[in-house]
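In: Using only what follows, build the 3D model:
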Amino acid sequence: LTENVIDEINTIEDDKILNYLVHRYRYEIYPKLKILDILERRQGAQVALIVYSANAFTVTPLTSDTDTIMALINSIDTSIMPSRGSYPALAIDKGLQLLNQASVSNGEIILVTDGGITSDSFSSAQKLRDEGYRLSALGIGSMSGAPIPKETGGFITDNTGQITISRLEVDDLKDLVKIG
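Out: The predicted structure is shown next:
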């Protein structure tokens, strides 16, 4: 880890080092550590891993092999996604599909998100609850909002070229979890 941080520091302008490292910890390292902690606590339980952006993809189907999932966590990065966006409803729907396919009678989806809760997310959470499952969430990021740096420098932009500001909408996330 130390070598990686030193290599990264050498590629960033000096005045941006602290902001970059804080952002990297907040959005990349901390969420992965939290997920690994959750997986450690669920040893032997059926767990699946889904990633999402504008689409949702199953990385691993439901399995009790949490060691495999733990090994995959470090390779997950926003750069592997074929599209940009944040549509948690798609992840909730994909999770519900996996739970139903496996005929799981008691299940929970843990949504990891940096915000962006849409009305579709509330509908998906309600459907999840109606089918007897639970929704929990791990919110990551800043409630005041912050631009998302690119690994190559600069910041992620939207389709119009404007810098994307990621804002954790805590109240919406709490409401979503209450429904699900």
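In: Could I get the buried residue list for the biggest strand by length in the chain?
Out: Counting by DSSP state E, the longest strand found in the chain is strand 56-63. By neighbour count on 16 or more other CB atoms under 10 Å, the buried set for strand 56-63 is 56, 62. C-beta coordinates here come from the backbone N, C-alpha and C atoms, glycine included.
In: other SSEs contacting it?
Out: Under the contact criterion of 3 or more CB pairs under 8 Å, 6 or more residues apart in numbering; DSSP states H and E, the helices and strands touching strand 56-63 comprise strand 47-52, helix 66-73, helix 88-101.
In: is it possible to export the ones you listed to CSV including mean neighbour count, mean pLDDT and distance to residue 79?
Out: Formatted as CSV, the helices and strands packed on strand 56-63 follow (neighbours: other CB atoms under 10 Å; pLDDT from 0 to 100; distance: least, CB to CB, whole Å):
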stretch, mean neighbour count, mean pLDDT, distance to residue 79
strand 47-52, 20, 90, 12
helix 66-73, 15, 87, 15
helix 88-101, 20, 94, 18
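In: Just tell me which of these ends up closest to residue 172.
Out: helix 88-101 (10.2 Å; CB to CB).
In: mind checking how far the closest one is from the chain centre?
Out: Mean-position distance between helix 88-101 and its chain equals 14 Å (CA atoms, centre = their mean, to the nearest Å).
In: Can you pull out the residues in contact with it?
Out: Residues from elsewhere that reach helix 88-101 (CB atoms under 8 Å, 6 or more residues apart in numbering): 48, 50-52, 54-58, 61-62, 107, 109, 111, 113, 116-118, 120-121, 123-125, 127-128, 131, 133, 135, 176, 180.
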